[in-house]
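**Student:** pasting a predicted model and its sequence here:
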Number of protein chains: 2
Amino acid sequence: MKLNERKTLILQAIIQDYIQSAEPVGSRTLSKKYELGVSPATIRNEMSDLEELGYLKQPHTSSGRIPSDKGYRLYVDKLMETQKNAVLHNQQINTDIMRKFGEVEQLLEYSSKIISQLTNYTSIVLAPQIQENKIKHIQLIPIDSNSILAVIVTETGVIRNPILRIRERISPDTLEQISNFINTKVQGKTIKEIEKVLLTEIQYELRQYSDVIETLVPELANVIEAVNDYGLYLSGTTNIFNFPEFNDLFKAKAFLTMLEERQLLSSLITTANDNKLNISIGSENMHKEASECSLVTATYEIEGSVVGWLTVIGPTRMDYSNVVSSMIHLSGHINSLLTKRYK
Amino acid sequence: MKLNERKTLILQAIIQDYIQSAEPVGSRTLSKKYELGVSPATIRNEMSDLEELGYLKQPHTSSGRIPSDKGYRLYVDKLMETQKNAVLHNQQINTDIMRKFGEVEQLLEYSSKIISQLTNYTSIVLAPQIQENKIKHIQLIPIDSNSILAVIVTETGVIRNPILRIRERISPDTLEQISNFINTKVQGKTIKEIEKVLLTEIQYELRQYSDVIETLVPELANVIEAVNDYGLYLSGTTNIFNFPEFNDLFKAKAFLTMLEERQLLSSLITTANDNKLNISIGSENMHKEASECSLVTATYEIEGSVVGWLTVIGPTRMDYSNVVSSMIHLSGHINSLLTKRYK
DNA sequence: ATTAGCACTCATTTAAAGTGAGTGCTAATA
DNA sequence: TATTAGCACTCACTTTAAATGAGTGCTAAT
């Protein structure tokens, strides 16, 4: 059996209708609402075929059809028309506000909010993973007699400032020299690369400076290791309550609990996902917790390499067309802002 | 009518039972479960009196009684015994982990998690409001030809690092001199105090240094103003699903939506709340969104002044006794860690 | 002052009947 | 041969009614 033009048309109509209504679509409704030129009985036969082909399924014997994950997949790959509503969106994004952000993190947090407002789904933004980034600059600043602030700036613009505890006093001049030396050693390296080895080396070479080195460098090592976090911005989490598929306390709770597991989210988003735009539907997701959700993920880049992800998560019955066009638009916007900043 | 000893005893039993069961408490149940030495009929009479006095209410005519907000108030003020379970908790808090945190923010984030785990309610931690804090240190660090990293350290240990954009190049030496000068001017001042006035003065006095000053100082002013956020750590938000009073999509949604409004939470917590430990019950809360919730709030201090709040939010049927003892214990712990650090 | 007894209330549970959107199959039709 | 009208059937959902039971308030006896 082949997917001829009429079947395709009917499938498209069913998916569009279901995305809009969240109700199983029946043959009579379909023939009344859409001008398909055939009777409900014919549509029923076609629907039955589409089910056999795996594009549709039936919640129970005497109900209408709903799309399967395979159906959605065909839809997003072949049938869906991406709306040209970029202009509309442009008005909603306050570009001036976005340009103002000093730190990448703030820009991302704001972007997350914008995405969830634009799409009415939940948005997750993954910040650049600091461990993968090259260090641009490390500076040690004395704070008081027993603490030093280490400012770590990466090439992607992420900044961390762990505080180091030391036992003995250290003069600002000495600290500056130490700071400069460390800088020459770690610049251009990623945090992963630094590791203990390099730091031990530094500690050895600096040993003449002061006894302080013995506590300072290991402390720096500890702190650098701990500096990584998942850097994840969530927005619009309560939007989930708008969708009938989550009108059930268990499902709503499961969804919100999933959102609290940063590691899970992170792996959902980054797994096998180097495309500019990726759609992952229901059972295609690697975690069963997300098997009733779809994710639309766009990457963002700094200096040509992918450093993070913007994503929308919602029910598989997602308004893909709308979400995709929003994401294309917004990720383009963010990329151009980031490029301007780092060129 | 007066609240004699027997009435008090009955009230206490009802509240304890209801906190545990979430079911309206009837006279027969009460007489069987607790050894009150009187018959259900007598208890009924007393209950009727307690309702008249406003300590109890009836969901409907033929149901048992549940405590009113006034009843809970009496309970937490007079009847409740704070458990001496500090030792138990101690084991659950990994003090070594807590000591390790370089930044105050991380300590607070972790504390929030601990609180929600310990109590099984939702926890909110309010970070020190940076605008109210005195500045300990400002340092300008060159990043590249058109951006400067401003590191702002407050006396409460909160660190911010906005990036300043400048048009012209500036030599590291000049920048250091500027940085030092600004430092002498702003040290010990709060961000609020700095305002535009002081910065205009600085700009005037520095005018000979370089043209850069004309863009740099206003940029600093902008960025300092923007630096404030609500600094709020939420944890255990999905715990709300464990309570039957939120076993209703509308209520669950309303609660979670409330948690997303940072400004509202902030005012709920800080309003009229300078006590070491404060309990705010249902309608006592200033926002109607929280009229079915109770908050238990503890302060934390740095160098003797209150800089932030730890709070637990849950249904008015909260296990006050347990929460209070957890909070006393944990806030004491955090305070001692902070004191050690800043003395 | 306390309590046993009893009629009454009302949310909740259970069962049964009715509704309606939708299907699959068959036979008639173009 | 493809399409369609007709019809019996399915099944979630709604409606209605009756039964249940935990609890009350009131009254009269202790």
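**Tutor:** Thanks, I have the structure now. No experiment lies behind these values; they were computed from the predicted model shown.

**Student:** what stretches of chain A score poorly on pLDDT?
**Tutor:** Scanning chain A for pLDDT under 70 picks out A:83-102, A:196-197, A:226-229, A:272, A:341-343.

**Student:** whatever residue of it ends up closest to DNA strand D and DNA strand C, how far apart?
**Tutor:** Residue nearest to DNA strand D within chain A (CB to the nearest atom of the strand): A:Ser62, separated by 2.5 Å. Any C-beta I mention is one placed from the backbone N, CA and C, and that applies to glycine too. Per CB to the nearest atom of the strand, to the nearest Å, A:Ser62 is found 4 Å from DNA strand C.

**Student:** what is the burial count for that residue?
**Tutor:** When neighbours are counted by other CB atoms under 10 Å in any protein chain shown, A:Ser62 registers 7.

**Student:** chain B contacts on the stretch 101-250 of chain A?
**Tutor:** A:102-103, A:136-137, A:139, A:141, A:143, A:147, A:149, A:151, A:153, A:157, A:159, A:161-164, A:222-223, A:226, A:237-238, A:241, A:247, A:249 (CB under 8 Å from any CB of the partner chain).

**Student:** could you pull out the helices in chain A for me?
**Tutor:** Assigned by DSSP state H, chain A shows helices spanning A:5-21, A:27-33, A:40-52, A:69-74, A:86-92, A:95-100, A:104-119, A:172-186, A:191-205, A:213-226, A:249-260, A:262-270, A:320-342.

**Student:** dump those to JSON lines, plus mean neighbour count and distance to B:Pro218.
**Tutor:** Converted to JSON lines, these look like this (neighbours: other CB atoms under 10 Å in any protein chain shown; distance: least, CB to CB, whole Å):
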{"stretch": "helix A:5-21", "mean neighbour count": "18", "distance to B:Pro218": "49"}
{"stretch": "helix A:27-33", "mean neighbour count": "17", "distance to B:Pro218": "59"}
{"stretch": "helix A:40-52", "mean neighbour count": "17", "distance to B:Pro218": "64"}
{"stretch": "helix A:69-74", "mean neighbour count": "21", "distance to B:Pro218": "52"}
{"stretch": "helix A:86-92", "mean neighbour count": "12", "distance to B:Pro218": "29"}
{"stretch": "helix A:95-100", "mean neighbour count": "12", "distance to B:Pro218": "13"}
{"stretch": "helix A:104-119", "mean neighbour count": "21", "distance to B:Pro218": "19"}
{"stretch": "helix A:172-186", "mean neighbour count": "16", "distance to B:Pro218": "29"}
{"stretch": "helix A:191-205", "mean neighbour count": "15", "distance to B:Pro218": "34"}
{"stretch": "helix A:213-226", "mean neighbour count": "19", "distance to B:Pro218": "34"}
{"stretch": "helix A:249-260", "mean neighbour count": "17", "distance to B:Pro218": "40"}
{"stretch": "helix A:262-270", "mean neighbour count": "17", "distance to B:Pro218": "38"}
{"stretch": "helix A:320-342", "mean neighbour count": "19", "distance to B:Pro218": "19"}
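
**Student:** which residues touch the residue lying closest to A:Ile328 once chain neighbours are set aside?
**Tutor:** Excluding the flanking residues, the one nearest A:Ile328 by CB to CB, 6 or more residues apart in numbering or on different chains is A:Leu277, at 6.4 Å. The contact partners of A:Leu277, by CB atoms under 8 Å, 6 or more residues apart in numbering or on different chains, come to A:Val296, A:Thr297, A:Ala298, A:Thr299, A:Val324, A:Met327, A:Ile328, A:Ser331.

**Student:** pick out the most distant pair among those residues.
**Tutor:** A:Thr299 and A:Val324 (14.0 Å; CB to CB).

**Student:** so which of the helices of chain A is nearest B:Ile191?
**Tutor:** B:Ile191 lies closest to helix A:104-119 among the helices of chain A, at 17.1 Å (CB to CB).

**Student:** and A:Asn120, how far from A:Ile269?
**Tutor:** Counting by CB to CB, to the nearest Å, the gap from A:Asn120 to A:Ile269 is 20 Å.

**Student:** do A:Tyr34 as well
**Tutor:** 36 Å.

**Student:** so what's the residue of the stretch 1-150 of chain A found nearest DNA strand C closest to, chain neighbours aside?
**Tutor:** Nearest residue of the stretch 1-150 of chain A to DNA strand C, counting by CB to the nearest atom of the strand: A:Gly26, 2.4 Å away. Using CB to CB, 6+ apart and skipping the chain neighbours, the partner closest in space to A:Gly26 is A:Gly64 (3.7 Å).

**Student:** hmm, back to that, distance to DNA strand D for the helices of chain A - can I get that in TSV?
**Tutor:** Listed next are those as TSV, based on distance: least, CB to the nearest atom of the strand, whole Å:
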stretch	distance to DNA strand D
helix A:5-21	7
helix A:27-33	9
helix A:40-52	3
helix A:69-74	21
helix A:86-92	36
helix A:95-100	44
helix A:104-119	27
helix A:172-186	61
helix A:191-205	52
helix A:213-226	50
helix A:249-260	14
helix A:262-270	29
helix A:320-342	25
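
**Student:** circling back: what sits against the residue nearest to A:Gly26?
**Tutor:** Residues in contact with A:Gly64, defined by CB under 8 Å, 6+ apart, are A:Glu23, A:Pro24, A:Val25, A:Gly26, A:Ser27, A:Thr29, A:Gln58.

**Student:** output these as TSV; include the columns distance to A:Leu50.
**Tutor:** Formatted as TSV, those follow (distance: CB to CB, whole Å):
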residue	distance to A:Leu50
A:Glu23	17
A:Pro24	13
A:Val25	11
A:Gly26	14
A:Ser27	12
A:Thr29	16
A:Gln58	11
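
**Student:** nearest to B:Ile124, of the helices of chain A?
**Tutor:** Evaluated over the helices of chain A, closeness to B:Ile124 peaks at helix A:249-260, with 15.0 Å, by CB to CB.

**Student:** helices or strands up against that closest one?
**Tutor:** helix A:262-270, helix B:249-260 (3 or more CB pairs under 8 Å, 6 or more residues apart in numbering or on different chains; DSSP states H and E).

**Student:** using CSV, lay out the ones you listed together with distance to B:Val212.
**Tutor:** Shown next, in CSV, are these (distance: least, CB to CB, whole Å):
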stretch, distance to B:Val212
helix A:262-270, 41
helix B:249-260, 41
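
**Student:** which one of these lies nearest to B:Pro128?
**Tutor:** Closest to B:Pro128 of the helices and strands packed on helix A:249-260, according to CB to CB: helix B:249-260, at 20.6 Å.

**Student:** what angle do helix B:262-270 and that closest one make with each other?
**Tutor:** Angle of helix B:249-260 versus helix B:262-270, following axes from the mean of the first three to the mean of the last three CA atoms, to 10 degrees, is 80 degrees.

**Student:** of all the contacts of A:Gly64, which comes closest to chain B?
**Tutor:** Minimum distance to chain B across the contacts of A:Gly64 is 18.8 Å, recorded for A:Glu23 (CB to the nearest CB).

**Student:** who in chain A is up against DNA strand C?
**Tutor:** Residues of chain A lying close to DNA strand C by CB under 7 Å from any atom of the strand are A:23-29, A:40-41, A:44, A:47-48, A:51, A:58, A:61-65.

**Student:** rerun that using 6 Å as the cut-off
**Tutor:** Residues of chain A lying close to DNA strand C (CB under 6 Å from any atom of the strand) are A:Gly26, A:Ser27, A:Arg28, A:Thr29, A:Ala41, A:Arg44, A:Met47, A:Ser48, A:Ser62, A:Ser63, A:Gly64, A:Arg65.

**Student:** which two in these are spaced the farthest apart?
**Tutor:** Spatially, the most separated pair among the residues of chain A next to DNA strand C is A:Ala41 and A:Ser63, at 17.4 Å (CB to CB).
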